[in-house]
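J.: got a structure for you, letters missing:
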DNA sequence: GTAGGGTTAG
């Protein structure tokens, strides 16, 4: 090494640890590549690393080891851009490098730089006999497997797995852990589990990887039970374990247990852990405590804010979500797409949010230049669908530069929710030309068919699932088909269809059958469905009320009473039905028989008049069909004061002619209100849009878009 | 010189 180089190195050294006044002590010996590497690895900030970068490479321009170390460091400090640029000018390993060491460093560097394709390319070169043909060792596999996981490339992953077996490293605990993580990311949970079960040595990372794999694939129960087995086996969880297990917690007691464990390990002041705890408690319905934890986070990052906003979205607290969002903006925090996704979701879910809210949020997205983000666009489509504007939804959909499965699926389900089955089907056919459908979009398209009465098309879709796409129907798909048959009045066929199911029918399937009996009353079949439902969901009040109403419509009043009594005996509480309407940017809520509104007097007078008018053109009150209703004896008058009717009349009184009336109900719309609304739309010439817990109903000129099936 | 990770659209 020349004197000049040594001076350069000393300068570089001083830029890490500046020594202001005294002359630097002479270096004990000239720096070897290895000691330069440890110098690089000692850098904890990009500011310290950059000056070293130049001098180290000037000293050792052809040293692959140093280049790779430098790149790893850049990657670790968060600049994969620099890492990749170092690696792209790094020399290739010499052809004689049969020692895997240099290859491993390079693999690690690419994996750390977030460049999985490069990692795999290096691995291929390493394994190529003409390029040196180094024999992999146990250090080789973790970065390569990580790259496969990153790319969700199971095929390559399995090939690398075979290599680990061939070279005798598949039982190495580091390799095993990497295999579990790789299979987990690739969605091959069972394979991950097999690797886990076969490992002779397991450590905390092994357990954590397996918990993470289960969690990522939606098997939260399994993840939790693994966590408990781990505790039973006296393996001490660490920070990563908690971060993996927290997303699986949905019960407050479980959350409290974890909270205690985390506190005992002193991890409760770690921001990542705190963010996850906010999410965990909001998932458990403890939104106030989640907020308490959020407020305690001293240095909040974007994920802290989005966890809390997401929590409010889940709790249907749109106002709080918006308030927090404003607070965040006031604090001068730059927002990102995840924050906006939270706000959009809060607005989509909320019964209280309006189309104006949607438009405000959309405008905000555009002003923040996030309207080209695929996820944001998709969320906006869903938002407009749920706020009743298919036109706006479709406009965003058409303007998208790129569409993926989720964006197609959202638009298809949007048409379905609005009863536009043929449009849903048309779009679905279009979609099949560019992306492969999955099980979720099949639920949307089947439900669109059943809502729109497209029987043959529904069958065709159902049959194509396995035949064309190899998608095995799940309970939801069977439920849609039962719906489809039920609409056609083919109750016996629906029952036989359930009997032939290769999987156990769940409550959605039986619920469809019971729902069908509401349209085509049949006591025997309704009882069959209800029997299973009362076992599967004894707390669901809607099922009892449905069965009782079916009995009533068949004239079996005694039976109806019996069911109501059963419900009372079991302590099942009815959910209070209410309807919401927005007038001049203010939200009004009506319960049945509500007189809280200042205009109540006017509303009831107008209601009386309106009911008389629609009676003259053929409306017959259907007291049998009073869903989610007050008690039996209140009969006809009670129908008049249903929250839907009160809200509609309030809307009519407070809007100009030609204005569309939009209302939202928290439960399924009542049968009698549905009939009445058709007549009201005819007699007033108004378009009335009703969103209930299931779908949208567009009433116009005496007809509803649902074709009287909902 | 190795492995596991928080918020994220249907």
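T.: Ah, there it is. Because the structure is a prediction, the values reported are computed rather than measured.

J.: Name the spans of the stretch 601-710 of chain A whose pLDDT lies under the cut-off.
T.: Along the stretch 601-710 of chain A, segments meeting pLDDT under 70 span A:624-637, A:709-710.

J.: Could you pull out the helices in the stretch 501-650 of chain A for me?
T.: For the stretch 501-650 of chain A, applying DSSP state H, counting those that start in this stretch gives helices covering A:507-519, A:523-536, A:541-553, A:557-569, A:600-616, A:635-640, A:643-653.

J.: Can you verify my assumption that residue A:322 contacts residue A:344?
T.: No: using Cβ atoms under 8 Å as the test, residue A:322 is too far from residue A:344 to be in contact (11.5 Å). (C-beta placed from N, C-alpha, C; glycine too.)

J.: Compare these two (neighbour count), which wins?
T.: residue A:344 (25 against 20; other Cβ atoms under 10 Å).

J.: so which helix or strand takes in the more buried one?
T.: helix A:337-349 (DSSP states H and E).

J.: Provide the contact partners of that helix at residue level.
T.: A:302-303, A:305-306, A:309-310, A:312-314, A:316-318, A:321-322, A:325, A:328, A:353, A:357-358, A:361, A:364-365, A:368, A:370, A:373, A:375-376, A:379-380, A:382-383, A:386-387 (Cβ atoms under 8 Å, 6 or more residues apart in numbering).

J.: so which of the residues you listed are also by DNA strand B?
T.: A:302-303, A:306, A:310, A:375, A:379, A:382 (Cβ under 7 Å from any atom of the strand).

J.: Mind checking which of these are in strands?
T.: Using DSSP state E to define strands, no part of those is located there.

J.: Name the residues of the strand or helix carrying residue A:101 that are buried.
T.: Using DSSP H and E, residue A:101 sits in helix A:100-112. Using 16 or more other Cβ atoms under 10 Å as the test for burial, helix A:100-112 gives A:100, A:102-112.

J.: Output the contacting helices and strands for that helix.
T.: helix A:64-76, helix A:80-88, helix A:116-127, helix A:141-150 (3 or more Cβ pairs under 8 Å, 6 or more residues apart in numbering; DSSP states H and E).

J.: right, quick check: that helix against DNA strand B, any contact?
T.: Yes: under the criterion of Cβ under 7 Å from any atom of the strand, DNA strand B is reached by helix A:100-112 at A:100-101, A:104-105, A:108, A:111.

J.: Now residue A:75: closest residue in space, sequence neighbours ignored.
T.: Counting by Cβ to Cβ, 6 or more residues apart in numbering, residue A:112 is the residue found nearest to residue A:75 once chain neighbours are left out, at 3.5 Å.

J.: Quick check: that neighbour touching residue A:68?
T.: No: contact status for residue A:112 versus residue A:68: not in contact, 9.7 Å apart, counting by Cβ under 8 Å.

J.: Tell me the spacing between residue A:663 and residue A:673.
T.: 10 Å (Cβ to Cβ, to the nearest Å).

J.: Mutual contacts of the two, please.
T.: With Cβ under 8 Å, 6+ apart as the test, residue A:663 and residue A:673 both reach residue A:644.

J.: And the pLDDT at residue A:351?
T.: For residue A:351, the pLDDT comes out at 77.

J.: quick one: what helix or strand has residue A:392 in it?
T.: Counting by DSSP H and E, residue A:392 is found in helix A:390-399.

J.: in that helix, what counts as buried?
T.: A:390, A:392-394, A:396-397.

J.: For stretch A:38-58, what does the pLDDT average out to?
T.: Stretch A:38-58 comes out at a mean pLDDT of 80.

J.: scratch that, stretch A:82-100
T.: 72.

J.: cool, and stretch A:502-518?
T.: Here the average pLDDT along stretch A:502-518 is 94.

J.: hang on, the earlier thing: who does the helix holding residue A:392 touch, helix- and strand-wise?
T.: helix A:355-367, helix A:374-386, helix A:405-417.

J.: Switch these over to CSV; also include mean pLDDT.
T.: As requested, these are exported to CSV (pLDDT from 0 to 100):
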stretch, mean pLDDT
helix A:355-367, 92
helix A:374-386, 96
helix A:405-417, 96
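
J.: Distance to residue A:120 and mean neighbour count added to the ones you listed, as JSON lines?
T.: Shown next, in JSON lines, are these (distance: least, Cβ to Cβ, whole Å; neighbours: other Cβ atoms under 10 Å):
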{"stretch": "helix A:355-367", "distance to residue A:120": "36", "mean neighbour count": "16"}
{"stretch": "helix A:374-386", "distance to residue A:120": "25", "mean neighbour count": "23"}
{"stretch": "helix A:405-417", "distance to residue A:120": "25", "mean neighbour count": "24"}
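
J.: Now do the contacts for the residue in the stretch 451-600 of chain A that DNA strand B sits nearest to.
T.: Per Cβ to the nearest atom of the strand, residue A:471 is where the stretch 451-600 of chain A lies closest to DNA strand B, at 11.0 Å. Residue A:471 makes contacts with A:437-439, A:442, A:465, as judged by Cβ under 8 Å, 6+ apart.

J.: tell me the two of the buried residues of helix A:390-399 that are most distant?
T.: A:390 and A:396 (11.0 Å; Cβ to Cβ).

J.: what is in contact with these two at once?
T.: residue A:384.

J.: and residue A:483, what does it touch?
T.: Residue A:483 neighbours (Cβ under 8 Å, 6+ apart): A:447, A:450, A:512, A:515-516.

J.: residues making contact with stretch A:204-221?
T.: Contacts of stretch A:204-221 with the rest of the structure, by Cβ under 8 Å, 6+ apart, involve A:173, A:176-177, A:180-181, A:183-185, A:187, A:189, A:192-193, A:196, A:199, A:222-223, A:226-227, A:230, A:235-238, A:240-241, A:244-245, A:247-250.

J.: Can you list the buried residues in that stretch?
T.: A:205-217, A:219-220.

J.: mind listing which of those are in helices?
T.: Per DSSP state H, helices hold the following members of the buried residues of stretch A:204-221: A:205-216, A:220.

J.: before we move on, the earlier item: quick check: which of the helices and strands packed on helix A:100-112 is nearest to DNA strand B?
T.: The nearest among these, by Cβ to the nearest atom of the strand, is helix A:141-150 at 3.2 Å.

J.: How about the closest one and DNA strand B, touching?
T.: Yes: for helix A:141-150, a contact with DNA strand B is found by Cβ under 7 Å from any atom of the strand, at A:142-143, A:146, A:149.

J.: got JSON lines for the residues you listed, with neighbour count and distance to residue A:678 too?
T.: Below are the residues of helix A:141-150 next to DNA strand B laid out as JSON lines (neighbours: other Cβ atoms under 10 Å; distance: Cβ to Cβ, whole Å):
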{"residue": "A:142", "neighbour count": "21", "distance to residue A:678": "65"}
{"residue": "A:143", "neighbour count": "23", "distance to residue A:678": "65"}
{"residue": "A:146", "neighbour count": "21", "distance to residue A:678": "60"}
{"residue": "A:149", "neighbour count": "22", "distance to residue A:678": "55"}
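
J.: okay if I get those as TSV plus pLDDT?
T.: Shown next, in TSV, are the residues of helix A:141-150 next to DNA strand B (pLDDT from 0 to 100):
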residue	pLDDT
A:142	96
A:143	95
A:146	95
A:149	95
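
J.: Out of those, which comes closest to residue A:697?
T.: residue A:149 (46.1 Å).

J.: Next up, the contacts around that closest one.
T.: Taking Cβ under 8 Å, 6+ apart as the test, what residue A:149 contacts is A:157, A:181-186.

J.: ok, it to residue A:120 distance?
T.: 11 Å.

J.: Then residue A:201?
T.: 27 Å.

J.: And residue A:599, by the same measure?
T.: Taken as Cβ to Cβ, the span from residue A:599 to residue A:120 is 69 Å.

J.: which one of these two has more residues nearby?
T.: In this view residue A:599 and residue A:120 are compared by other Cβ under 10 Å, and residue A:120 has more residues nearby, 22 against 14.
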